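S.K.: With the input below, show me the fold.
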Amino acid sequence: QVQLVESGGGLVQAGGSLRLSCATSGRLISINAMGWYRQAPGKQRELVARITSGGTTQYADSVKGRFTISRDNAKNTVYLQMNSLKPEDTAVYYCNARGVVVTATGPAYDYWGQGTQVSVSS
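M.R.: Below you'll find the model as predicted:
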């Protein structure tokens with residue numbers, strides 16, 4: 001059973017920084033893309049950043065230039081460095097792993113972490 005475990009959330013003042021980590025546990029063969037989504041109260045979940053196994057990245061316009069996603073393929077771990085945080089970044093941040101291959105002949109699956117709260121005070 002593959003699980004995603006997030007860490008690094010918390011409360012920070014506007015302009016501050018946080019680093020989120022998402023580690024995988026369980027046996028797997030490969031992961032296509034890993035990313036971070038967020039959901040603020042009363043809003044839909046939205047993509048924050050995504051990175052493929054080849055290192056291609058994608059960012060939401062609202063975080064470009066402030067957030068950096070990185071990945072350690074050997075550890076199947078993804079990170080999100082968040083700088084210049086704003087109150088509007090306040091949300092629960094969810095880790096996502098897409099296209100997870102568990103067995104050589106089986107299908108690929110998507111997994112979600114349980115979420116970590118990021119709160120930015122003004």
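
S.K.: And the strands in this structure?
M.R.: With DSSP state E as the criterion, the chain has strands at 3-7, 10-13, 18-25, 30-39, 46-52, 57-59, 67-72, 77-82, 91-101, 108-112, 116-121.

S.K.: Report the angle between the fifth one and strand 91-101.
M.R.: I take that to be strand 46-52. Counting by axes from the mean of the first three to the mean of the last three C-alpha atoms, to 10 degrees, strand 46-52 points 40 degrees away from the direction of strand 91-101.

S.K.: Residues in contact with stretch 5-23: which ones?
M.R.: By C-beta atoms under 8 Å, 6 or more residues apart in numbering, the list of residues contacting stretch 5-23 from outside reads 4, 24-25, 34, 36, 75-87, 93-95, 113-122. C-beta coordinates here come from the backbone N, C-alpha and C atoms, glycine included.

S.K.: Tell me which residues of it come out buried.
M.R.: Within stretch 5-23, the residues scored as buried using 16 or more other C-beta atoms under 10 Å are 6, 8, 9, 12, 18, 20, 21, 22, 23.

S.K.: Go ahead and flag the most central residue of the protein.
M.R.: residue 36 (2.6 Å; C-alpha atoms, centre = their mean).

S.K.: so it sits right up against residue 96, yeah?
M.R.: Yes: in this structure, residue 36 is within contact of residue 96 by C-beta atoms under 8 Å, at 7.2 Å.

S.K.: quick one: common contacting residues for these two?
M.R.: Common contact partners of residue 36 and residue 96 (C-beta under 8 Å, 6+ apart): residue 50.

S.K.: how about residue 36, what does it touch?
M.R.: Per C-beta under 8 Å, 6+ apart, neighbours of residue 36: 20, 22, 47-50, 69, 78, 80, 93-96.

S.K.: Could I get the contacting residues of the closest residue to it other than its chain neighbours?
M.R.: Distance criterion C-beta to C-beta, 6 or more residues apart in numbering; nearest residue to residue 36, sequence neighbours excluded, is residue 48 at 4.4 Å. Contacts of residue 48 were listed using C-beta under 8 Å, 6+ apart, and they are 35, 36, 37, 38, 59, 60, 63, 67, 80, 93.
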